[in-house]
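Student: predicted model and sequence below, questions to follow.
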Amino acid sequence: MSSTPLTLDVLGPTVQVLTPVDGDPEAPCALRGTIPPGLVVPLHAHPDPETFVMLSGELDGFQAPSGWRRARPGDAVHVPGGVRHAWRNPGAEAAVSIVVTTARMGAFFAEIGTPLAPGERPAWPPAPDAVERLLRAAARLGHWNASPAENAAIGIALPGA
């Protein structure tokens, strides 16, 4: 892996791939996730677990069935595989976390994300082809994605919905 981590635009939020994603799909993988102010990660689920360690900013995290909870710097939030979850950044600054998951999830982000050059900002709103790329890969891998109505029911408004 190069000394500069690959940074990916994942429909507005960004993911930096900090560890290799090739080889054993069950191997641990570390990512640096950034959700800009006002953006969301819609309600979804996937088989792989994720543990988020907040570095800066604040996020509201949703996990079914318990609902919303605020995550602040120093907090760790574990999302078991298969649990429906979502994120939203209600603050004025970017929310940054380290995400520990599997290499399989890291490879998923590498597949669906659009590489960004240093200093380049993610596209917003996301292009329709980027959304379709995510949905195709998610369906192939057994991930679940909520409908616009299911997102609205938990307080997430999607662009164009």
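Tutor: Cool, the structure landed. Residues are numbered from 1 along each chain as shown.
Student: could you report the distance from the most centrally placed residue in the chain to D60?
Tutor: Within the chain, the residue whose C-alpha comes closest to the C-alpha centroid is V41; the distance, by C-alpha atoms, centre = their mean, is 6.0 Å. V41 is 11 Å from D60, where distance means C-beta to C-beta, to the nearest Å. All C-beta atoms are positioned from the backbone trio N, CA, C, and that covers glycine.
Student: got any residues that touch both of the two?
Tutor: Shared contacts of V41 and D60 (C-beta atoms under 8 Å, 6 or more residues apart in numbering): 87-88.
Student: for the protein, just list every one of the strands.
Tutor: For the chain, the strands defined by DSSP state E occupy 6-9, 14-17, 28-35, 40-45, 50-56, 59-63, 67-71, 76-79, 85-88, 95-102, 114-115, 144-145.
Student: quick one: list the elements packing against the second one.
Tutor: Counting contacts by 3 or more C-beta pairs under 8 Å, 6 or more residues apart in numbering; DSSP states H and E, the secondary-structure elements packed against strand 14-17 are strand 6-9, strand 28-35, helix 103-112.
Student: by residue count, what's the longest helix in this protein?
Tutor: In the chain, with assignment by DSSP state H, the single longest helix is helix 128-141.
Student: rewinding a little: and the helices and strands packed on strand 14-17: which comes nearest G91?
Tutor: The closest of the helices and strands packed on strand 14-17 to G91 is strand 28-35. By C-beta to C-beta, the value is 9.6 Å.
Student: strand partners of the closest one, parallel vs antiparallel please.
Tutor: In the sheet, strand 28-35 lines up against strand 14-17 (antiparallel), strand 95-102 (antiparallel) (DSSP bridges).
Student: can I get those in TSV including distance to R88 and mean neighbour count?
Tutor: As requested, the strands paired with strand 28-35 are arranged in TSV below (distance: least, C-beta to C-beta, whole Å; neighbours: other C-beta atoms under 10 Å):
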stretch	distance to R88	mean neighbour count
strand 14-17	16	22
strand 95-102	9	21
